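Chemist: fold the following for me, if possible:
(one chain, ligands or ions: 1)
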Amino acid sequence: MDTVLLKGKAVAGEIRQDVARRAAALPFDPALAIVLVGDDPASAYYSASIERAATKVGVATRLVELEASEGTERVASSIRDLSRDASVHGIIVQQPLPDGILQQVVEEVAAEKDVDCATTYSLGLLMTGRETFAPCTALAVLEMLHGHDIALPGKHVVIVGRSTVVGKPLANLLLRKSERGNATVTVCHTGTSDLALHTRQADILVAAMGRPGGIRGDMVSEGVVVIDVGVNQIDDPESEKGYRLVGDVAFDEMTGLASAVTPVPGGVGTLTTALLLRGVVVAAESAAAR
Ligand code: NAP
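Modeler: Predicted coordinates:
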């Protein structure tokens, strides 16, 4: 079987074009505040890459850097200020928060600015189908399928991973009674007794486990569409950096077996920032209409 490589680049390019066009049509610059607490290198890297991508599509960014030692109340009050600031349209609080800063601070993000759908309130809206924003990674999976004309209605989608940022919101989105949903969904996790029994039944398999090689060739059926959400850093002495990024799926084992597979890097991750910025423009459009 020929295995199609589902790259994110072209799909992300279309989203970015749409964002740039809509940003330019606004009477003011749409703006995203990025709240970075502590010194997590991955969060700092992700913040910088959001800033670069935002500049290219006409979205302004404001990086708010706070020390972990400033404490929960100081972080919460900064986020509250951003929520009240009319010149800010979207807010993302980088995760994971450092030890000592309570997760509760995220709840200070105003609903109309919660572009990564991080608060309990926003997740509740998502659950009931009344949301404005969805978690960008979960949304990226849908956009990847849609962008490659892979239909969902009637399909059996097996998701491996039940996190609040990926697995659970994605399951909710896939269950929608709509053309972009209407799938039958199975969600697996570490308590699943026979993972392969479930993954072999998938028409579409989404791996969001955070385990390199978590999905092997003998765990899938011929013709499956494999969406690899995982981003894992593994040692690689031959690479310049000493490491490389891999997904959760044993990619080489999918060739000739899966009908389509996303690469890592270059797959789902390519879309997430573009979708975050689309959320900022949506929020800014709403602000302009108020
Ligand atoms: P997470 O919070 O650690 O959740 C991982 C989930 O996978 C958990 O539900 C866990 O089950 C399940 N799991 C782990 N090992 C398993 C196994 N052997 N069998 C069955 N289930 C297993 O991770 P996350 O934040 O959802 O992220 C998942 C992956 O996506 C990571 O590699 C992360 O780097 C990547 N990610 C990528 C993007 C992107 O933009 N591309 C964004 C976010 C995350 P339990 O609940 O039972 O522990």
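
Chemist: the ligand contacts on the protein?
Modeler: Within reach of the ligand by CB under 6 Å from any ligand atom, the chain has these residues: 137, 160-163, 165-167, 188-192, 195, 208-211, 214, 229-232, 248, 268-269, 272. (C-beta placed from N, C-alpha, C; glycine too.)

Chemist: 5 Å - rerun?
Modeler: Residues of the chain lying close to the ligand (CB under 5 Å from any ligand atom) are 137, 161-163, 166, 189-190, 208-211, 229-231, 268-269, 272.

Chemist: got a quick ChimeraX command for the buried subset of the residues you listed?
Modeler: Those of those that count as buried under 16 or more other CB atoms under 10 Å are selected in ChimeraX with:
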select :137,161,162,163,166,208,209,211,229,230,231,268,269,272
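
Chemist: keep only those of the residues of the chain next to the ligand that are in strands.
Modeler: Members of those lying in strands (criterion: DSSP state E): none.

Chemist: what sits up against stretch 247-258?
Modeler: Contacts to stretch 247-258, defined as CB atoms under 8 Å, 6 or more residues apart in numbering, come from residues 1-3, 160, 207-218, 220, 222-226, 228-232, 261-264, 267.

Chemist: pull the contacting residues for the closest residue to residue 145 other than its chain neighbours.
Modeler: Computed as CB to CB, 6 or more residues apart in numbering, the closest residue to residue 145 that is not its neighbour in sequence is residue 152, at 6.4 Å. Contacts for residue 152 were tallied using CB under 8 Å, 6+ apart; they are 142, 145, 174, 179, 180, 181, 182, 183, 204.

Chemist: and residue 152, backbone torsions?
Modeler: phi -100, psi -40 (degrees, to the nearest 10).

Chemist: and the pLDDT at it?
Modeler: In this model, residue 152 is scored at 98, pLDDT.

Chemist: just to revisit the earlier point, show the buried residues in the contacts of stretch 247-258.
Modeler: Among the contacts of stretch 247-258, the ones that count as buried by 16+ other CB under 10 Å are 3, 160, 207-209, 211-215, 220, 224-226, 228-232, 261-264, 267.
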